[in-house]
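Asker: take this sequence and fold it.
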Amino acid sequence: RYAVDSKPRCRYYHSSTSLLVRNNSNDATNSNIDSDDKRKAYLAVGSNMGNTYQNIANALSSLQSNGSIKLLQTSFLRTTAPMHVTDQPNFLNGAVQVETSLPPFELLAAIKQVEKDLGRDLSGNAQRYGPRPVDVD
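Answerer: Next comes the predicted model:
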């Protein structure tokens, strides 16, 4: 059980056929996840370069293009000030709920490919916390 006054800490161990979750009380639950099973995921989306609304719309469309990710719900989009590096345009940010058959690391790879395809520099040469056409987490 999680203590009320402490943050729960989980560790996730992933293989292609199972997921082992451990919480801070050392209890373990092992569940097999079939690759055809659908799971929900929540993603943060944002942009602060160019047409920010269109960049987010393009990212969401691209995520759904291979058929293994389906957009279920979207939040309102909000304009927010940048953090850490403040000498840059404001961000347009939101959140989305998706359904996917992809395992977590494959979902991450799909997200990174969409960011790259839409012009985000993922080479390591880009300024950390700097401006970006699209950001999906």
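
Asker: let me see the contact set for residue 73.
Answerer: 96-97 (C-beta atoms under 8 Å, 6 or more residues apart in numbering). (Glycine included, C-beta is placed from N, CA and C.)

Asker: isn't there a helix covering it?
Answerer: No: counting by DSSP: H, G, I helix; E, B strand; the rest coil, one finds residue 73 to be strand, located in no helix.

Asker: what ranges do the strands span in this structure?
Answerer: For the chain, strands defined by DSSP state E occupy the ranges 11-14, 18-22, 28-32, 39-47, 69-74, 78-80, 91-100, 135-136.

Asker: other residues contacting the last one?
Answerer: In this case it means strand 135-136. Strand 135-136 has contacts (C-beta under 8 Å, 6+ apart) with 43-47, 59, 63, 91, 111, 114-115, 120.

Asker: mind putting these into TSV with pLDDT?
Answerer: Shown next, in TSV, are the contacts of strand 135-136 (pLDDT from 0 to 100):
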residue	pLDDT
43	97
44	97
45	98
46	98
47	98
59	97
63	96
91	97
111	97
114	97
115	97
120	96
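
Asker: max pairwise distance over those: which two?
Answerer: Using C-beta to C-beta, the two most remote members of the contacts of strand 135-136 are 63 and 91, lying 18.7 Å apart.

Asker: distance of residue 122 relative to residue 112?
Answerer: The gap separating residue 122 from residue 112 is 6 Å, by C-beta to C-beta, to the nearest Å.

Asker: can you check residue 53 too?
Answerer: From residue 53 over to residue 112 the distance is 22 Å, taken as C-beta to C-beta.

Asker: and residue 41, by the same measure?
Answerer: 14 Å.

Asker: show the contacting residues for the nearest residue to residue 79 once chain neighbours are set aside.
Answerer: Using C-beta to C-beta, 6 or more residues apart in numbering and skipping the chain neighbours, the partner closest in space to residue 79 is residue 90 (5.1 Å). By C-beta under 8 Å, 6+ apart, residue 90 lies in contact with 48, 79-82.
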